[in-house]
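Undergrad: okay, predicted coordinates and the sequence, questions at the end:
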Amino acid sequence: MKLRFYALGFGTLMLLDTLAHVFFKYAATAAAPASPDLDWMLRVALLPWTWGALACYVATFFLWMTLLRRAPVGPAFAASHLEVVGVVLAGMLLFGERIAPLQWAGAALILGGILCLALSEKRQAEATQHTD
């Protein structure tokens, strides 16, 4: 049950964070060229992509607060960075961006680091249960 909660929660967090970055990319493209004047800022503010990104950020805030109530902060913080991998994949799939081998290696290291933290947290929790 706990594993399902974490998998669903952090999977949704990754999806919302990734979606927010995709929306920002669409907003930036639609509002180009960028300029520091009021007209451009209003144009950006009125784009549905901007509002979609903001909605995703608000949803991730509330989801993050819910997850932190139950999850240990160390592994939770690490797992919250799954969005980096999601954004790289979205860039490749949606925008045709080329992913270099070093970027794939970085994504694998992020996933490996999160897995190591999760496994060590699980072992620590099991050890604590046996001593109680």
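TA: Perfect, thanks for sending it. Numbers count the residues shown, from 1 in each chain.
Undergrad: contact partners for the residue nearest the centre of the chain?
TA: Relative to the mean C-alpha position of the chain, the nearest C-alpha, by CA atoms, centre = their mean, is the one of E83, at 2.8 Å. Contacts for E83 (CB atoms under 8 Å, 6 or more residues apart in numbering) come out as 13-14, 17-18, 21. Just so you know, the C-beta spots here come from the backbone N, C-alpha and C atoms, and that holds for glycine as well.
Undergrad: for the closest residue to it other than its chain neighbours, give its distance to L42.
TA: Closest residue in space to E83, ignoring its immediate chain neighbours: D17 at 3.5 Å, by CB to CB, 6 or more residues apart in numbering. Using CB to CB, to the nearest Å, one gets 26 Å for the distance from D17 to L42.
Undergrad: more neighbours, those two?
TA: Here D17 and L42 are set side by side on neighbour count (other CB atoms under 10 Å), and the busier one is D17, at 23 against 11.
Undergrad: next one: the more buried one from D39, what distance?
TA: Using CB to CB, we find D17 at a distance of 30 Å from D39.
Undergrad: counting by contacts, list what the helix or strand of the chain with the lowest mean pLDDT packs against.
TA: Using mean pLDDT, DSSP states H and E, helix 73-79 stands out as the lowest-scoring helix or strand of the chain, at a mean of 79. Under the contact criterion of 3 or more CB pairs under 8 Å, 6 or more residues apart in numbering; DSSP states H and E, the helices and strands touching helix 73-79 comprise helix 2-30, helix 101-131.
Undergrad: good, we can wrap up now.
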